[in-house]
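# Predicted coordinates and the sequence they were generated for:
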Amino acid sequence: MTKNLFIKTYGCQMNVYDSDRMADILKPLGYRTVDAPADADMVILNTCHIREKAAEKVFSELGRLRQMREHRREAGADMVIGVAGCVAQAEGEEIVRRAPYVDIVFGPQSYHRLPEMVARASRAAGKTVLETDFDVVEKFDVLPAPSADAGPAAFLTVQEGCDKFCTFCVVPYTRGAEYSRPAGDILAEARGMAANGVVEITLLGQNVNAYHGEGPDGRDWTLGRLIRELAEVPGLARLRYTTSHPLEMTGDLIAAHGEVPQLMPYLHLPVQAGADRVLTAMNRRHDRDTYFRIIDRLRDTRPDLALSGDFIVGFPGETDEDFEQTMDLVRRVGYAQAYSFKYSPRPGTPAAAAAAQVPEAAKAERLQRLQELLNAQQLAFNQATAGRTLDVLLERTGRRDGQLVGRSPYMQAVHVDAPGHRLGRIAPVIIEAGKANSLSGRLAADPARDAA
Ligand code: SAH
Ligand code: SF4
Ligand code: F3S
């Protein structure tokens, strides 16, 4: 008998990858995924704990699910409610206390035990099953390979957890210590994806460039080595990786940007703040000059590299002058795209206990100024691609009939009129207009492909 599964994913790409793996491991139990919770026999919230707002969303969503389950019960059906991800890991007990009607609460390193947890929940007579052990090695051994319907661009987690302990961040607590998957497993998974029509793989890790997994030759492989080997996999035309820490930007990895044509000219390299004293207080373990030097070396290697970043404004103790240093850094680097956030105190992290918290009004004002600058840079970057011909991986159908949407090498969304059979392929597109959040263009004549 088939049952309906709805998974709602919050947070980072690693959660997106994990949600797909959860769906894969539940398939043999008869679960197929659906697009809405109302007719789901099981709902899993895959949660994020990175900022306060993200965590609070979970509890309001749980309230709605509880009501939905009541309606289903009145109609003779039922609903298993599960909370996965980083809120489950960090606040498992709190969820059980505030929302005792939840059936399963389970952390990111326990997904391979999901079928067993579902069975336990059905025997538990309404008592919540709580699983927050760290068991990352076994997880990747047990989880099934990604299923065939992933689309042309896929995520592949190669590294989990973080040992960096930035003073604002919960990730070391929710995902545990840094762990790198064996390179052979990753290559096998990538080959399987390519055989299923995947053209682009984004390698994922909370600190992906700290990757140091065991290679098939018994040696430690770096991310640079892994990328070079993945470039040999037939069918894989594009590789990306995220998220990187500046400290782990080794010479070998920088060189790969110049030598591996499959490695796309786009890099997410968060710096968080522009003032040295803030970087020190954040425990980022590098200064602004080191960041500039890394960017220079990357651009020497790959002149068209587009950069993306993350910024936090209003970190405890950040002064107006410190914030101006962030603005100055952004002007000097020039970003194609970036995320910026107000500092959010997270329970249990060192910065949350700092005395010098920045008032909300100052945070809001700084964020607005920073975002204006970042938006202007993004628009300028997008506009500058007008007139160029870019290779676009056509990933999905657009809102308009006959329209497809894809990604440029620089991660820009591109809208183009193209026949449906071009989906899943890379096509040269003449960019006609660059807007704030996307580009539009027309297919370039491609004699080689048109003849085929
Ligand atoms: N591993 C990545 C970041 C993962 S978290 C890195 O080291 O860069 C994603 C982003 O969320 C961070 O880069 C940071 O900008 C933001 N973030 C993390 N903790 C935060 C907090 N307490 N308040 C506001 N933003 C935060
Ligand atoms: Fe968090 Fe990234 Fe710092 Fe690790 S390196 S603690 S994931 S911000
Ligand atoms: Fe959020 Fe956890 Fe990712 S806290 S950003 S889902 S690692």
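Perfect, thanks for sending it. Bear in mind that the values here come from a model prediction, so they are computed numbers and not experimental data. Ligands and ions are numbered 1, 2, ... in the order given.
# Is ligand 1 within reach of the helix or strand residue 370 falls within?
For residue 370, the host element (DSSP states H and E) is helix 360-384. No: judged by Cβ under 6 Å from any ligand atom, helix 360-384 stays clear of ligand 1, getting no closer than 9.9 Å. Every residue, glycine included, has its C-beta placed from N, CA and C.
# Buried residues in whichever helix or strand comes after that helix, which are they?
Scanning forward in sequence from helix 360-384 by DSSP H and E, the next helix or strand is strand 389-397. Neighbour counts using 16 or more other Cβ atoms under 10 Å place 390-395 of strand 389-397 among the buried residues.
# interface residues of the protein facing ligand 1?
Proximity of the chain to ligand 1, by Cβ under 6 Å from any ligand atom, involves residues 50-51, 168-169, 171, 206-207, 243, 245, 270, 272, 310, 312, 341, 343-344, 346.
# Next one, pLDDT for residue 54 please.
Note for residue 54: predicted pLDDT of 83.
# Next one: it from ligand 2, what distance?
Counting by Cβ to the nearest ligand atom, to the nearest Å, the separation of residue 54 from ligand 2 is 14 Å.
# Locate that residue within the secondary structure: which element?
According to DSSP H and E, residue 54 maps onto helix 52-74.
# Is ligand 3 within reach of that helix?
No: judged by Cβ under 6 Å from any ligand atom, helix 52-74 stays clear of ligand 3, getting no closer than 6.6 Å.
# So in that sheet, which strands flank the next helix or strand after that helix, and in what orientation?
Per DSSP H and E, the first helix or strand lying C-terminal to helix 52-74 is strand 80-84. Paired strands of strand 80-84, with direction, are strand 42-47 (parallel), strand 104-106 (parallel) (DSSP bridges).
# So what's the model's average confidence on the helix holding residue 370?
98.
# Can you give me the buried ones in that helix?
Under the neighbour-count criterion of 16+ other Cβ under 10 Å, helix 360-384 has 362-363, 366-367, 370, 373-374, 377-378, 381-382 buried.
# Mind picking the two most distant members of those residues?
362 and 382 (30.5 Å; Cβ to Cβ).
# now for the strands paired with strand 80-84, which one comes closest to ligand 3?
Ranking these by their distance to ligand 3 (criterion: Cβ to the nearest ligand atom) puts strand 42-47 first, at 7.0 Å.
# That closest one and ligand 3, are they touching?
No: using Cβ under 6 Å from any ligand atom, strand 42-47 never reaches ligand 3; the gap is at least 7.0 Å.
# out of the residues of the chain next to ligand 1, who's near ligand 2?
Applying Cβ under 6 Å from any ligand atom to those, one finds that 169, 171, 206-207, 245 fall near ligand 2.
# Just the ones of these in helices?
If you go by DSSP state H, these have residue 171 in helices.
# What about the ones next to ligand 2 among the residues of the chain next to ligand 1, which are in strands?
Of these, none are assigned to strands by DSSP state E.
# Which of the ones next to ligand 2 among the residues of the chain next to ligand 1 sits closest to residue 353?
residue 169 (14.1 Å).
# Now for residue 270: which residues touch it?
Residue 270 makes contacts with 243-246, 309-311, as judged by Cβ atoms under 8 Å, 6 or more residues apart in numbering.
# same thing but 6 Å
For residue 270, the contact set (Cβ atoms under 6 Å, 6 or more residues apart in numbering) comprises 309-310.
# That one: what secondary structure?
Classification of residue 270 using DSSP: H, G, I helix; E, B strand; the rest coil returns coil.
# One more: residue 312?
Residue 312 ends up strand, using three-state DSSP.
# what's the distance between it and residue 80?
According to Cβ to Cβ, to the nearest Å, residue 312 and residue 80 sit 37 Å apart.
# which of these two has more neighbours?
residue 312 (27 against 20; other Cβ atoms under 10 Å).
# That one contacts residue 343, correct?
Yes: at 5.1 Å, residue 312 counts as touching residue 343 under the criterion of Cβ atoms under 6 Å.
# which bits of the stretch 101-250 of the chain sit near ligand 3?
Checking the stretch 101-250 of the chain against ligand 3 by Cβ under 6 Å from any ligand atom, the hits are 170-171, 174-175, 206.
# got a winner among those residues for most neighbours?
residue 174 (27 neighbours).
# In three-state terms, label the nearest residue to that residue once chain neighbours are set aside for me.
Nearest residue to residue 174, sequence neighbours excluded (Cβ to Cβ, 6 or more residues apart in numbering): residue 86, at 3.8 Å. Here residue 86 takes the helix state, with states given by three-state DSSP.
# Next one: residue 86 from residue 338, what distance?
22 Å.
# Neighbour count: those two, which is higher?
Using other Cβ under 10 Å as the criterion, residue 86 and residue 338 rank with residue 86 on top: 26 against 22.
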